[in-house]
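> build the 3D model from these lines:
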Amino acid sequence: MERTMIGEVGKRAGKAVKLLGWIYRTRSGKNISFVVVRDSTGIVQCVVKEGVKGFADAQKALVESSVELTGTVRKDDRAPGGYEVQVSDFKVIGFAEDFPIKEQQSPELLLDNRHLWIRSQRLTKTFKVRSAILGAIHQFFRDREFFEIQSPSITKMACEEGSTLFEVKYFGEKAYLTQSWQLHAEAMASALEKIYCIAPSFRAEKSRTRHHLAEYWHAEAEAAWINHEDSLRLQEQLVSHVVQAALEKHRKEIEELGGDIKQLERVKAPFPRITYKEALDRLAKKGVRMKWGEDLTDLQSRELARDFEKPFFIINWPKEAKPFYMLENPDDPETVMNADLIAPGDFGELIGGSARETDVEKILANLKQQGIPPKNYDWYLDVRKFGSVPHAGFGLGVERLTQWICNAEHVRDCIAFPRTINRVYP
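Predicted structure coming up:
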């Protein structure tokens, strides 16, 4: 008999099925065992009665034992999912020891046992949505004839603030884990014009907020011959596409996870925009202080988000607060042509992006002003010296987007094995 996935059991009422999975819950009486079995598609209650082959094993098998069983599906509104399997043959493939995770465990214990906790229903559903998000990102860019390109994870230079770099030993030289593919992407954009990449990025931020990871997955794009306005349109189209694709594929899981379905359905381009200065003014009226040049805190981001029902851009940030490569705003040289896309609710920034500076002298001046030795950037400056063109790009945090869509309490629950300031195990 071929295997039936548990998610398909409801379509086979009255028929025999063969299931493979793990024991999710179990309780036994003298003459009967109720074994809830899970696989990657869901859970189903299986009834094993005395006299059935394997009954003794069903009585003693613990949670997370792996099993193979055959039986007949019947409708039962009292059972999880509305169906149960009357077992005719029950076989334990691998007996489990006493599972270390019980109800109401501490977050630290769950993280220590992450290799086991990833089997939980909540994380399993979240990872399904995450997979749909990644698939939709690929589809979006490929439909627009972007080429997928990879760049080095080990680099000699900083893309963002130098204090957030992870230093590594590299054959006697000092090197760093990349914060972004962007600088290499700018070089590649002169060859392929429209490119994207989905890869890990690393930030040594000593942050303990629920929105930060030391290693996260970055969906980044760079394109030649586009300006800041083109980039903003691309960003809002990307997020709109991904959210609707996730809803189409995993609406049930998103709803079960507590995602705001009505809010997500409203996520369609265009998105509202405010300038950085307008953001400060809005916060001041709410009694929330923020100095010119400061980045948004979680509190400030949340207060601004109260005014919007879908993601919104904060554009034209102070030049002093942003990296050396961002294009100076011709209408206000104190600011740059950039934007952060902020999610509604309490989820913070989803995307950061900008048009790129094309003037070599301005880049050198910016490096000097920010105290960055230009030596390691010689090759980057060559991109401007040999046929520079207008270009722009952005980076989207995959875990942040997943956190918002799934309404996850912490971004660490949107990646299988999170790396944070105090977590590098397992």
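> and residue 122, what element?
Following DSSP states H and E, one finds residue 122 within helix 121-143.
> show me what that helix is packed against.
In terms of contacts (3 or more CB pairs under 8 Å, 6 or more residues apart in numbering; DSSP states H and E), helix 121-143 is packed against strand 147-148, strand 194-202, strand 215-224, helix 228-257, helix 398-406. Just so you know, the C-beta spots here come from the backbone N, C-alpha and C atoms, and that holds for glycine as well.
> kindly recompute the last result at 10 Å.
On a contact count with 3 or more CB pairs under 10 Å, 6 or more residues apart in numbering; DSSP states H and E, helix 121-143 meets strand 32-39, strand 42-49, strand 147-148, strand 194-202, strand 215-224, helix 228-257, helix 398-406.
> ok, the fourth one: who's next to it in the sheet?
The partner list of strand 194-202 in its sheet, established with DSSP bridges, is strand 147-148 (parallel), strand 215-224 (antiparallel).
> tell me how far the first one is from the chain's mean position?
When distances are taken as CA atoms, centre = their mean, to the nearest Å, strand 147-148 is centred 20 Å away from the chain's centroid.
> for the chain, just list every one of the helices.
55-60, 107-112, 114-117, 121-143, 182-192, 228-257, 261-265, 276-285, 298-305, 360-369, 378-385, 398-406 (DSSP state H).
> tell me where the model's unsure across this structure.
For the chain, no stretch has pLDDT under 70.
> could you chop it up by domain?
6-94, 114-414 (automatic domain parsing).
> now these as TSV including distance to residue 424?
Output for the domains of the chain, formatted as TSV (distance: least, CB to CB, whole Å):
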stretch	distance to residue 424
domain 6-94	25
domain 114-414	8
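> relative to residue 108, which of the ones you listed is closest?
Closest to residue 108 of the domains of the chain is domain 114-414 (CB to CB; 10.6 Å).
> can you tell me how far residue 23 sits from residue 262?
As judged by CB to CB, to the nearest Å, residue 23 and residue 262 stand 37 Å apart.
> these two: which has the busier surroundings?
Using other CB atoms under 10 Å as the criterion, residue 23 and residue 262 rank with residue 23 on top: 22 against 8.
> shouldn't the more buried one be in contact with residue 48?
No. Using CB atoms under 10 Å, residue 23 is not in contact with residue 48; the gap is 11.1 Å.
> shared neighbours of these two, which are they?
35, 58, 61, 67 (CB atoms under 10 Å, 6 or more residues apart in numbering).
> quick one: which of those has the most company?
Neighbour-wise, the shared contacts of residue 23 and residue 48 (other CB under 10 Å) top out at residue 58, 28 neighbours.
> how far away is that one from residue 74?
18 Å.
> if we can go back for a sec, between the helices and strands packed on helix 121-143, which gets nearest to residue 392?
Nearest of the helices and strands packed on helix 121-143 (CB to CB): helix 228-257, 3.9 Å.
> hang on, the earlier thing: and of the helices and strands packed on helix 121-143, who's closest to residue 141?
strand 194-202 (4.4 Å).
> most tightly packed of the helices and strands packed on helix 121-143?
helix 398-406 (a mean of 26; mean count of other CB atoms under 10 Å).
> elements contacting that one?
helix 121-143, strand 215-224, helix 228-257, helix 261-265, strand 349-355.
> returning to that earlier point: got the helices and strands packed on helix 121-143 as JSON lines, with distance to residue 162 columns?
Listed next are the helices and strands packed on helix 121-143 as JSON lines, based on distance: least, CB to CB, whole Å:
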{"stretch": "strand 32-39", "distance to residue 162": "46"}
{"stretch": "strand 42-49", "distance to residue 162": "48"}
{"stretch": "strand 147-148", "distance to residue 162": "29"}
{"stretch": "strand 194-202", "distance to residue 162": "13"}
{"stretch": "strand 215-224", "distance to residue 162": "18"}
{"stretch": "helix 228-257", "distance to residue 162": "25"}
{"stretch": "helix 398-406", "distance to residue 162": "23"}
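> which among these is found nearest to residue 294?
Each of the helices and strands packed on helix 121-143 has some distance to residue 294 by CB to CB; the shortest is helix 398-406, at 20.1 Å.
> what's the angle between that closest one and helix 228-257?
Using axes from the mean of the first three to the mean of the last three CA atoms, to 10 degrees, the direction of helix 398-406 lies 50 degrees away from that of helix 228-257.
> which strand residues bridge residue 3?
Assessed by DSSP bridges, residue 3 has beta-bridge partners residue 18.
> who's in contact with it?
17, 18, 19, 20, 21, 39, 68.
> what separation is there between it and residue 26?
Residue 3 is 21 Å from residue 26, by CB to CB.
> how about residue 408?
28 Å.
> which of those two has more residues huddled nearby?
residue 408 (23 against 19).
> most remote residue from the protein's center?
Outermost residue of the chain with respect to the C-alpha centroid, by CA atoms, centre = their mean, is residue 51; its distance is 48.4 Å.
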